[in-house]
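Participant: Need coordinates for the following:
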Amino acid sequence: MVRVPTVHVRATRRMILGAIVPLLAVALMGLLVPPAAAAPAAPYFGPATIVDGPPAYWAAEPSLAVGSDRVAYLAFTGWGGSVTQSDIFFTKSSDGRTWSVPIRVNNDAGGASQSEPALALDSANAIYIAWTDSRNGNNDVFFSKSTDGGLSFSANVRVNDVTTNSQSEPALAVDPVNPHLVHVVWTDTRSGVFGPDIFYANSTDGGLSFNPSARVNNDAGASEQGVPAIAVALNEDVYVVWRDPRTPAKGLDIYFSKSSDRGATWTPSFNINDDSGSANQQDPTIAVDVSGNIYVAWTDSRNANSQPDIYATRSTNAGASFAANVKVNDDLGAAIQWVPSLAANGGKIVTAWADSRTSGSTSWDIYESSSTDGLTWSPNVKVNDDSLPNFQFSPSVGIDASGDVFAAWLDTRVSGQDVFGSVLDVVPPTANAGSSVSVGQGTSVSFDGSGSSDNLGIAGYSWDFGDGSSATGASGSHAYPNAGSYVATVTVWDYSGNSASATRTVTVRDTQAPVPRGGGDRTVDEGQPLFFDASASTDNVEVTGYAWNFGDNATATTPTATHVYARPGTYSASLTVTDAAGNSATSTFTVAVRTVSPKSNELLGMIQVLDILVAILAVALAVLGWMYFGLRRRERQPPATPTSVRPPAPSPAQPPKEPDPLDMTFPPGPPRSP
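Facilitator: Numbering: from 1, shown residues only. Have a look, this model is predicted:
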């Protein structure tokens, strides 16, 4: 592959190669530069991707705009091969990561040099591109348009009306209300008296032809004005800024002028940078919002200890005056900030620039900052994602209606000269985990998060199934081994780190039966109490019911039970356990009841009879003993005297005796013989 080392570029862009040597010197001073800041929190710029590809074999000088369809449209200078050499190419992206195959815009057949493209869109997203073109020998400004989304471009049209000397550094704007009104400004060297000036021309037929050119700057000297930028308000006011050295004591300044009559006349130009010294201001960029507020940013060398920096200002009165200038970059060291790009949309203003603050580790990078008023700016964010000492330069930015920021820049990480792109997605995704589901235990459940969405695409999915298991990917499956209710969560994130989560309830039905324990064959004597215990039964959740069937028409519903078999025999018994889901299992077992002789109840009856007999015998013995002692007492008494022989003598007095409990009175016995 043959590569042309240079093409005609803007004054600041021509400095790229010349700046490499001092940039290397800056890189050698890396130890004196503060270390790179930690990666910012989400949202951040997503992965950078290469934009150019065949038939564009290298690329530079990107110019980017974002349409109302939220598509990024990009023109760039590319190497088209040894025949056509340096050409203008177009590509687009709906997500800032994948880009369409580049389309060649210029239609010349030779090897003329085309460079410095400027791209703008109308309200219907028709594409307008102007560029510097050497096909006629000198540099001219050419134009082309696409009304089919960049699939094809119209015949090229020369914008400038004088072909002598050089016209370059074009900038382009399309009226936001009237798409037939196209505005172009450029640096023009047609005057040998005034030197390079800023010229303007418009088209009122949508770019089919351009009206005569007009000088914008009003100085009478030969100062070299250059690097113009242009913006158009809703009321058709046209605003132009440029670099201007007309006051030598002040160095390079940023000048402003406007036209309210489609470029027929221009207000007296004045400088909008408010420093009083001789520091240089250059590389202006301009944007206007729907309210008519004008925003301007530029490279500024007013701070001796940190020059150059990026400065900005704002006008809220259609350019009659501008606010105090503010510094945009937030580093405090002696790093170089250079060549800003500015865009405004949806109440947000954003600027990006080349920055050497980490030149000791990553060389030159692209940094970005945003604002809602053009005066207060957010902490700076690194745009490119590489951490190697590559060279990133010449950024171009755009904003969609949601505030997403698209950026493109020159990058040397691959071939040494490519255009890379990235996007800062500020809109979080929407997660969708699917609807709730009920399944049986162990059944595979399908999970699908593809219903989730993001405005610029989802980068990844992660699943938490709620049982300690997890997975990644948009879809998959999972089986729950245990019953219960689980909350599965899907988390999705986009390429800028924004994330969202959604949940799905999975009810897993208990289909596993419990395990009965406590049965088992056993032998017992008839009438003997037998203990049953099922408390060792298990279930994956919980055993909630017990049912004993003892086989003799007796049952029990408690975990433990005692039962007596009244008759000998072999009984078929069972234990059934049930869980809360109604799953049950039964264990059967045999109980052998042996005959006992004598039986315990019969023995008890015999013992009771013996007790009665013993009691009767004891009574009989007591009666016999009483009778025996009574006879013995009578035998010890003296014989009685007959009453006919002598009179009875009085009985001697007897001492009192203790009563005898066995003493009984018997009837008198027969008289004894003399």
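
Participant: My guess is residue 222 contacts residue 189. True?
Facilitator: No. Residue 222 is beyond contact range of residue 189, at 11.0 Å (criterion: C-beta atoms under 8 Å). To be clear about C-beta, it is placed using only N, CA and C from the backbone, and glycine gets the same treatment.

Participant: Find residues that contact each of these two.
Facilitator: Shared contacts of residue 222 and residue 189 (C-beta atoms under 8 Å, 6 or more residues apart in numbering): residue 195.

Participant: Just want to know which of the two has more residues nearby.
Facilitator: residue 189 (20 against 13; other C-beta atoms under 10 Å).

Participant: and the gap between the residue nearest to that one when sequence neighbours are not counted and residue 171?
Facilitator: In space, and not counting its chain neighbours, residue 189 is closest to residue 165: 4.2 Å by C-beta to C-beta, 6 or more residues apart in numbering. With distances taken as C-beta to C-beta, to the nearest Å, residue 165 is found 19 Å from residue 171.

Participant: Show me which of those two is the more surrounded one.
Facilitator: Comparing residue 165 with residue 171 by other C-beta under 10 Å, the one with more neighbours is residue 171, at 29 against 14.

Participant: Assign a three-state SS to the more buried one, would you?
Facilitator: strand (DSSP: H, G, I helix; E, B strand; the rest coil).

Participant: lowest-confidence helix or strand of this protein?
Facilitator: helix 15-28 (a mean of 39; mean pLDDT, DSSP states H and E).

Participant: Now do the same for residue 567: its pLDDT.
Facilitator: Residue 567 is assigned a predicted lDDT (pLDDT) of 92.

Participant: residues touching it, list them.
Facilitator: Residue 567 touches 526, 552, 593, counting by C-beta under 8 Å, 6+ apart.

Participant: Where does it sit, in terms of helix or strand?
Facilitator: Using DSSP states H and E, residue 567 is not contained in any helix or strand.

Participant: likewise residue 401?
Facilitator: Assigned by DSSP H and E, residue 401 belongs to no helix or strand.

Participant: And residue 297, by the same measure?
Facilitator: Following DSSP H and E, one finds residue 297 within strand 294-300.

Participant: Partner strands of that strand and their direction?
Facilitator: Partners of strand 294-300 in the sheet, by DSSP bridges, are strand 281-288 (antiparallel), strand 309-315 (antiparallel).

Participant: then it to PDB, C-alphas only?
Facilitator: Output of strand 294-300 as PDB, limited to C-alpha atoms (Å, rounded to 0.1, in the frame of the first residue of the first chain):
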ATOM      1  CA  ILE A 294     -24.600  31.000  20.800                       C
ATOM      2  CA  TYR A 295     -21.700  28.900  22.300                       C
ATOM      3  CA  VAL A 296     -18.100  29.300  21.200                       C
ATOM      4  CA  ALA A 297     -15.000  27.400  22.300                       C
ATOM      5  CA  TRP A 298     -11.300  27.700  21.300                       C
ATOM      6  CA  THR A 299      -7.700  27.000  22.100                       C
ATOM      7  CA  ASP A 300      -6.300  29.700  24.400                       C
END
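
Participant: Can you give the distance from that strand to the centre of its chain?
Facilitator: Here strand 294-300 is found 36 Å from its chain centre; the criterion is C-alpha atoms, centre = their mean, to the nearest Å.

Participant: What are the buried residues along it?
Facilitator: For strand 294-300, burial by neighbour count (16 or more other C-beta atoms under 10 Å) applies to 294-300.

Participant: what's the farthest-apart pair in those residues?
Facilitator: Within these, two members stand farthest from each other by C-beta to C-beta: 294 and 299, at 18.5 Å.

Participant: Poorly predicted segments of the stretch 151-300 of the chain, please.
Facilitator: In the prediction, the stretch 151-300 of the chain carries no residues with pLDDT under 70.

Participant: What ranges does the protein have for its helices?
Facilitator: 15-28, 600-635 (DSSP state H).

Participant: give the contact list for residue 183.
Facilitator: Neighbouring residues of residue 183 by C-beta under 8 Å, 6+ apart: 172-175, 200, 202, 230, 232, 238, 263.

Participant: Spit out the contact partners of the nearest residue to residue 235 once chain neighbours are set aside.
Facilitator: Of all residues not flanking residue 235 in the chain, residue 292 sits nearest, at 6.9 Å (C-beta to C-beta, 6+ apart). Residue 292 makes contact with 233-235, 237, 316, 318, according to C-beta under 8 Å, 6+ apart.
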